[in-house]
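Visitor: attaching a predicted model along with its sequence, questions to come.
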Number of protein chains: 2
Amino acid sequence: MLSEFDLIKEYFQRPRAGRATLGIGDDCALLTPTPGRQMAISSDMLVEGRHFFSGADPRKLGHKSLAVNLSDLAAMGARPVAFTLALALPEANRHWLAGFSEGLFALADEFGCELIGGDTTKGPLNICITIFGELSPGQALRRAAAQAGDDIWISGTLGDARLALAGYRIEHKLDPADLALAAQRMHAPSPRVRLGVALAASGLAHAAIDISDGLVGDLGHILAASKVGATLDVDALPAGPVLAAQEQALRRRFTAAGGDDYELCFSAPVSSRAAILALAAAAATQVTRVGSIDSASGLRLVDGDRRALDLALAGFDHFTA
Amino acid sequence: MLSEFDLIKEYFQRPRAGRATLGIGDDCALLTPTPGRQMAISSDMLVEGRHFFSGADPRKLGHKSLAVNLSDLAAMGARPVAFTLALALPEANRHWLAGFSEGLFALADEFGCELIGGDTTKGPLNICITIFGELSPGQALRRAAAQAGDDIWISGTLGDARLALAGYRIEHKLDPADLALAAQRMHAPSPRVRLGVALAASGLAHAAIDISDGLVGDLGHILAASKVGATLDVDALPAGPVLAAQEQALRRRFTAAGGDDYELCFSAPVSSRAAILALAAAAATQVTRVGSIDSASGLRLVDGDRRALDLALAGFDHFTA
């Protein structure tokens, strides 16, 4: 039987040391911070049956577990450095471990983010990653920094992950090819690290958040923290390629309050428009202007003709959902 | 019903900001490292039914969840700075949350260790803490630093936590008052932070580890990492007050391979003896010499007369236990 130590050695300990002074295999990992930089730290816990289906493809799960954490760094504008992984597993299954670690390390290597430690134990499947990034003091994209008059921008596209969930749940009938395409967005989100880091370094943007629980709910956190309101043009929201072909009501609902998008929502002054488009092009990431920050509190949803829309949307909450 | 955001606000967000530049309530926490210091990072995951009994007192659980992480910093000699908490809960129960957060913060305040972020979700009870400490470069107490001829030292006492487990499991009959006393060690370990930090800062010790899975197994990690062996005087091991009154065979077994002790095992040159006793007294922590590091590999267990003992002990492993 695979022991805890063999498991770590076989699947998670890698031959070449990176940034860490001391990595896996001591009481703590040791990291030497870059002089003059701040550390950005975020922790996400993924639970089977809650954040992913039971029996989910372990390779995709490895990718997604790290992607949601990288997305938090992106929303702050921090460059990824390292992460810890704590894992509760019902059993030490080699197939699962091989797939999970492969998906995890493929994404970690893409962003030069090193696994420096963690924990493994037996228990109901639970994946907890804590991630560390660096940025220069004063550059972080904070939720509280939105200003009245700012444009609201969205990276990439929204709603295909939520559409895939609707397809799986048979809330909405989807062609199998469409479901497979939409499901890629659900299983393998692309954290917008390059865009977030470039925005923070440029000083062009004010506030940012990553969209994990639906745009309306997550934008609401920016509005509350910044003590401002906003007007959102729901018909300007960039729908994912599969959702874009669905009817308008579904498109509006799933772009405005889908969930699992892992795109960035950020605010920036009107004077930054051209520079933001250039910066996004350099980061090979699509960005779309979808509304504006208002001094009056509250979130106003409008259609393409600026008529008020009442969509009765809510962000996702783990304890009331 | 208590929402995820209310839960964080009511039980985990505290009025006064500490060391963190930005704490709970953004995509990431921001921490400004002390110039010239290294960061020590450790992550532990506690699972219901595995690391604690179902229905365990939430206040004690809050203490223990942080204590096991503080113990990892102590074993490295790092001063606690901050931690993140990721929590999966079957339900948002106010009684549980109030008790857990009270136990957690009481210990956190004792060591000036600030909660800076985390995650909450619904799921089988699982507590994952990632802790951050600081130390000066070159001072960390590493597992790989033991040298032949070193004394082996143990802080505090061993075995009472394991004795309590035996009492609960009715493997061993214990008087109720004795069980209650031994159980304090199981539920509320005292992380040896002051001792660990003082040892690292003094440069007196070579290697260290915290004893979580039983001394023999954990000392084995030092021996493997340092490519040395050791002789351990089992009868010199300091038994906890309840275990000390039990018969010799049980005393030997539970001090040598108990588990859940959260004491430090460290090695230091013979020339450091007097200085270590003085340093431990200043840290108000008992320390006991229990053996020595050998150049010959392997761990030799001996009794008070240096006769070989064969106790057939094993460290705890989560996937083969």
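Guide: Sure, I can see it.

Visitor: so which helix or strand takes in A:Ile127?
Guide: A:Ile127 is part of strand A:126-135, with elements assigned from DSSP states H and E.

Visitor: repeat that for A:Ile116.
Guide: Counting by DSSP H and E, A:Ile116 is found in strand A:114-122.

Visitor: just to revisit the earlier point, paired strands for the strand holding A:Ile127, with orientation please.
Guide: strand A:38-47 (antiparallel), strand A:79-89 (antiparallel) (DSSP bridges).

Visitor: I'd like the next helix or strand past it.
Guide: Following strand A:126-135 toward the C-terminus (DSSP H and E): strand A:151-155.

Visitor: using PDB, write out the CA atom coordinates for that next one.
Guide: Output of strand A:151-155 as PDB, limited to C-alpha atoms (Å, rounded to 0.1, in the frame of the first residue of the first chain):
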ATOM      1  CA  ASP A 151     -15.500  52.300 -16.800                       C
ATOM      2  CA  ILE A 152     -16.300  48.700 -15.800                       C
ATOM      3  CA  TRP A 153     -14.300  46.100 -17.800                       C
ATOM      4  CA  ILE A 154     -14.600  42.300 -18.100                       C
ATOM      5  CA  SER A 155     -11.800  40.000 -19.400                       C
END
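
Visitor: partners of it, with directions?
Guide: Strand A:151-155 has the following strand partners under DSSP bridges: strand A:263-268 (antiparallel), strand A:287-294 (antiparallel).

Visitor: now those strands as CSV including mean pLDDT and mean neighbour count?
Guide: Just so you know, the C-beta spots here come from the backbone N, C-alpha and C atoms, and that holds for glycine as well. Formatted as CSV, the strands paired with strand A:151-155 follow (pLDDT from 0 to 100; neighbours: other C-beta atoms under 10 Å in any protein chain shown):
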stretch, mean pLDDT, mean neighbour count
strand A:263-268, 98, 29
strand A:287-294, 98, 20
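
Visitor: what domains does the record give for chain A?
Guide: A:4-135, A:150-302 (the TED database).

Visitor: could I get those domains as CSV with distance to B:Arg169?
Guide: Shown next, in CSV, are these (distance: least, C-beta to C-beta, whole Å):
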stretch, distance to B:Arg169
domain A:4-135, 18
domain A:150-302, 42
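
Visitor: those: lowest mean pLDDT?
Guide: Note on those: lowest mean pLDDT is at domain A:4-135, with a mean of 92.

Visitor: pull the number of nearby residues for the closest residue to A:Gln246 other than its chain neighbours.
Guide: Nearest-residue entry for A:Gln246: A:Leu163, 7.0 Å, with adjacent residues in sequence omitted and distances by C-beta to C-beta, 6 or more residues apart in numbering or on different chains. Applying other C-beta atoms under 10 Å in any protein chain shown, we find 32 residues neighbouring A:Leu163.

Visitor: now the one 3 residues further on
Guide: Under the neighbour criterion other C-beta under 10 Å, A:Ala166 is assigned a count of 22.

Visitor: that one and A:Val242, how far apart?
Guide: Distance of A:Ala166 to A:Val242, computed by C-beta to C-beta, to the nearest Å: 11 Å.

Visitor: what packs against the helix ranked longest in chain A?
Guide: Longest helix of chain A, by residue count under DSSP state H: helix A:58-76. Applying 3 or more C-beta pairs under 8 Å, 6 or more residues apart in numbering or on different chains; DSSP states H and E, one finds that helix A:58-76 makes contact with strand A:38-47, strand A:79-89, helix A:94-110, strand A:126-135, helix A:176-187, helix A:193-202, strand A:208-211.

Visitor: distance to A:Leu2 and mean neighbour count for those - can I get that in CSV?
Guide: Output for the helices and strands packed on helix A:58-76, formatted as CSV (distance: least, C-beta to C-beta, whole Å; neighbours: other C-beta atoms under 10 Å in any protein chain shown):
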stretch, distance to A:Leu2, mean neighbour count
strand A:38-47, 22, 26
strand A:79-89, 10, 25
helix A:94-110, 7, 18
strand A:126-135, 18, 28
helix A:176-187, 26, 18
helix A:193-202, 33, 23
strand A:208-211, 35, 28
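
Visitor: of those, which is nearest B:Ile276?
Guide: strand A:79-89 (31.4 Å; C-beta to C-beta).

Visitor: returning to what we had before: find residues that contact each of A:Ala166 and A:Val242.
Guide: A:Leu174 (C-beta atoms under 8 Å, 6 or more residues apart in numbering or on different chains).

Visitor: am I right that the residue nearest to A:Gln246 is in contact with A:Asp175?
Guide: No - the pair A:Leu163 / A:Asp175 is not scored as a contact, 11.5 Å apart, by C-beta atoms under 8 Å.

Visitor: on the three-state scheme, A:Leu174 is what?
Guide: Classification of A:Leu174 by DSSP: H, G, I helix; E, B strand; the rest coil places it in coil.

Visitor: what about A:Ala205, which helix or strand?
Guide: A:Ala205 belongs to no helix or strand, assigned by DSSP H and E.
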